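Provide a 3D model corresponding to the input given below.
(2 chains)
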Amino acid sequence: MATGTEPPDTESHTVSGGVRTGTRAAIDAPHLRTDRWWLAPAATAAGLLAFIVYSTWRAFADTDYYAAPYVSPFYSPCLAERCAPMRHGPNWELFGSWWGISPAIIILIFPLGFRLTCYYYRKAYYRGFWASPPACAVAEPHKKYTGETRFPLILQNIHRYFFYAAIVVAGILTYDTVLSFRNEKYEWGHMGLGTLVFLVNIVLIWAYTISCHSCRHIVGGKLRHFSKHPVRYRAWQFVGKLNARHMQLAWASLVSVALADFYVFLVASGAFDDPRFF
Amino acid sequence: MSGYTAHFKVWRGDVKGGDLEDFKVEVNDGEVVLDIIHRLQATQAPDLAVRWNCKAGKCGSCSAEINGRPRLMCMTRMSVFTQEETITVTPLRAFPVVRDLVTNVGFNYQKAREVPAFVPPAGLGPGEYRMMQEDVDRSQEFRKCIECFLCQDTCHVVRDHEENKPAFAGPRFLMRVAELDMHPLDAAEESGLDRKKTAQDEHGLGYCNITKCCTEVCPEGIKITDNALIPLKERAVDRKYDPLVWLGSKIRRRSSAE
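Residues are numbered from 1 along each chain as shown, chains lettered A, B, ... in the order given. Purely as a prediction, here's the structure:
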């Protein structure tokens, strides 16, 4: 160019650093945002922290998780010998008598892994807990960043295996919901407030599970020619519509699963009588 | 609302240094931030450097940071701010500054060159390509990109870590890889180029921690994270981390992406 407007050779002055790197505009502030950018990550962190505290207490409590015909979703399926006997319920003593702590720990690994590696929750906790970044265009405090290229975060790539496990768990929770159409004497054709709680919970659990990005990929996203696979294309479109609400479903199902467990706790501990509709 | 006087802070300087400069400037109904910058040029700062072209959100030239948020100046209405608000305009902070609001975005052109182009299918000449609409819908969304580089600017992988620039292509160019990998006629695989694998190995897909800032700032409303980056991550998983998919492709002796 002969205009004299060539950009200066800025690359040679580059030093390692963030937005204050030598060749960038000299602005001391790590960000210039004037809105309440901190609100979303703070609310996310508070919500997740509340669930972690509650679920840790309930998972290790090892009590008040069954009140016929309801079983807490935290303890289903119950895979140890120490589990409370549940008539026709999800009792499978795969772990025998040697398992000495709460049986919830065995099964919670799977939904926990599913949510920990979920693409939405990753965004939520990277922002809320790890400040990487805390919000868009707000400088993060870390000196080094390798993302999901190394151990342990490279393990996020196994999300689809937790998705398969989550499908099985959701199937068992569906079975529990069917069992909730009994009364406390195990007679069929009854319904209580708990049945309604379980119904709402299982619909949200399925909606969240099916709306998963891995599911979207598996049902059709991996294809290059949708026109050759019309059924999978339809499935991909359906999952895509749900996927657009993945964040909302993630929160709704997190709250509903905690509420379902809390409801069982209240009934099992005798603090509340399950109102029966019929 | 009639005209009023707004308080602007505009970054002035170059690579040697600079600072935010205060201006009191007239604002009228219906104006956008770029109008105000032009008024500053016309009345108070004739040497203020700013890159712009179409004033319609289609050329991607007037990218800047307004109150700390990466935005197009021509698409940011003054009506979104209160009259009492101080409006701060700075150049993009992920790239080397040239002067005032102009930055050197050469990093992006370098990354664009590193993505292998569309590979034409064998046996089909120009004008003979036939594709079904549902097969090109996904790629067409990504073709809406106006290359304003706001997504590249806001991505913390390079914004906060200059040292990652050699290894990471950024959301715009990972989206380009996704666009080509989803293209129904791209013959890269037949020519020995595995775009799914190179997305991870050569363009730094693993650096992306899907915090969706690229999607938040995209003026074209492209769902970069949900429709390009995450599907590309899933495709990379098919190639690199999923033994079942690998085994299936060996047994059935065909690609998983038909």
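
So what's the residue count around B:R195?
Neighbour count of B:R195, defined by other Cβ atoms under 10 Å in any protein chain shown: 26. Using the backbone N, CA and C atoms, a C-beta is placed for each residue, glycine as well.

And the pLDDT for it?
B:R195 carries a pLDDT value of 96.

Hmm, it is touching B:M182, no?
No. Look at B:R195 against B:M182 with Cβ atoms under 8 Å: they stay out of range, at 9.5 Å.

Now do the shared contacts for the two.
Common contacts of B:R195 and B:M182 (Cβ atoms under 8 Å, 6 or more residues apart in numbering or on different chains): none found.

For B:V102, give the beta-bridge partners.
Taking DSSP bridges, one obtains B:R99 as the residues bridged to B:V102.

That one reaches B:T90, doesn't it?
No. Using Cβ under 8 Å as the test, B:V102 is too far from B:T90 to be in contact (11.6 Å).

Compare the two and say which is more crowded by neighbours.
B:T90 (24 against 21).

contacting residues for the more buried one?
A:25, A:27, A:32, B:10-11, B:20, B:64-65, B:68, B:101.

what pLDDT does it get?
Value for B:T90, per-residue pLDDT: 98.

separation between it and A:F74?
Distance check for B:T90 against A:F74: by Cβ to Cβ, to the nearest Å, it reads 49 Å.

what's the answer for B:S249, then?
According to Cβ to Cβ, B:S249 stands 38 Å off from A:F74.

still on that earlier bit, return the member of the contacts of B:T90 nearest to A:E81.
B:G68 (58.5 Å; Cβ to Cβ).

remind me which residues of the chain are low pLDDT?
With no chain named, the answer covers chain A. A:1-17 (pLDDT under 70).

actually chain B
The model of chain B has pLDDT under 70 over residues B:1, B:252-258.

please redo it, this time with the cut-off set to 90
With pLDDT under 90 as the threshold, chain B has low-confidence stretches at B:1-2, B:125-126, B:239-258.

which ones are touching B:H156?
A:132-133, A:140, A:145, B:211, B:213.

Tell me which of the residues you listed fall in helices.
Per DSSP state H, helices hold the following members of the contacts of B:H156: B:C213.

Grab the two from the contacts of B:H156 that are most spread out in space.
Farthest pair in the contacts of B:H156 (Cβ to Cβ) is A:Y145 and B:C213. Separation: 13.8 Å.

between the two, which one's more packed in?
Shown here are A:Y145 and B:C213; by other Cβ under 10 Å, B:C213 has more neighbours (27 against 20).

What degree of burial does the nearest residue to B:K165 once chain neighbours are set aside show, as a neighbour count?
Once flanking residues are discounted, B:K165 sits nearest to B:V158: 5.2 Å by Cβ to Cβ, 6 or more residues apart in numbering or on different chains. Using other Cβ under 10 Å, B:V158 has 27 other residues around it.

Identify the residues contacting B:V158.
By Cβ under 8 Å, 6+ apart, B:V158 lies in contact with B:94, B:107, B:152, B:164-165, B:168, B:170.

quick one: the helix or strand where it lies to chain centroid distance?
Using DSSP states H and E, B:V158 maps to helix B:156-159. Here helix B:156-159 is found 13 Å from its chain centre; the criterion is Cα atoms, centre = their mean, to the nearest Å.

Keeping just the C-alphas, turn that helix into CSV.
Extracted C-alpha coordinates of helix B:156-159, given in CSV (Å, rounded to 0.1, in the frame of the first residue of the first chain):
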residue,chain,number,x,y,z
HIS,B,156,-11.6,-15.6,26.8
VAL,B,157,-9.3,-18.3,25.4
VAL,B,158,-7.4,-15.7,23.4
ARG,B,159,-8.7,-12.5,25.0
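
State the next helix or strand along the chain beyond that helix.
Helix B:156-159 is succeeded, C-terminally, by helix B:171-181 (DSSP H and E).

how about whichever helix or strand comes after that following helix: buried residues?
Going down the chain from helix B:171-181, the next helix or strand is helix B:195-201, by DSSP H and E. By neighbour count with 16 or more other Cβ atoms under 10 Å in any protein chain shown, helix B:195-201 contains the buried residues B:195-196, B:198-200.
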